[in-house]
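Student: Give me a 3D structure for the following:
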Amino acid sequence: MGDLRNKRLFLLDMDGTIYLDEQLFDGITDFLRYVREIGGRYLFLTNNSSKGVEGYIEKLQRMGIVSGKDDFLTSVDTTIRYLQENLPGKKCYVFGTRSFQAHLSAAGIPITDRLEDDIDVLLCGFDRELTFQKLEDACILLNRGVAFVATNPDWV
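Tutor: Numbering: from 1, shown residues only. From the prediction side, this is the model:
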């Protein structure tokens, strides 16, 4: 794998990798400081689309890690890029949280959370605000044959 001292970019999953719930794992703060000292960079990765980067910045701050928006790459970021490149301008029914909707909207993705006739894509994320209505709408849209995009194929 090579010498760690020669590495400059570190991609770090968050939950279960650098912390568990609100508990930072031993050595993480020292490791992050070391990466900065050698002129390296780290990106925090997450496949959890239920909250925006601001929520992760606040959580890490509570654990003593200062971070900014440029320190994160989320499944929402990659989904936005996918939609912009592969389904530009297509209207998405968002099966996800209000935070997820806001992130998509800010990126210029046409979205709705109501069943409408002109929906092109069923876009599903991890949804802590799940309702029966969303489940029913998703079934109807899938039966219509709209494109299906999910932010996270993690079955766990």
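Student: For this structure, which segments count as strands?
Tutor: For the chain, the strands defined by DSSP state E cover 9-13, 19-20, 23-24, 41-46, 72-74, 92-95, 111-112, 121-124, 147-150.
Student: now the chain, which segments are flagged as low pLDDT?
Tutor: Within the chain, the stretches with pLDDT under 70 are 1-2, 153-156.
Student: which stretches of it form helices?
Tutor: 28-37, 53-62, 75-86, 98-106, 132-144 (DSSP state H).
Student: so the third one versus helix 53-62, what angle?
Tutor: This points to helix 75-86. Angle, helix 75-86 to helix 53-62, by axes from the mean of the first three to the mean of the last three C-alpha atoms, to 10 degrees: 150 degrees.
Student: Tell me the spacing between residue 74 and residue 88.
Tutor: Here the criterion is C-beta to C-beta, to the nearest Å. By it, residue 74 lies 20 Å from residue 88. Yep, even glycine has a C-beta here, placed from its N, CA and C like the rest.
Student: In terms of neighbours, single out the busier of these two.
Tutor: Legend: neighbour count by other C-beta atoms under 10 Å for residue 74 and residue 88, higher for residue 74 (23 against 10).
Student: residue contacts, that one?
Tutor: The neighbours of residue 74, taking C-beta atoms under 8 Å, 6 or more residues apart in numbering as the test, are 45, 46, 47, 48, 49, 53.
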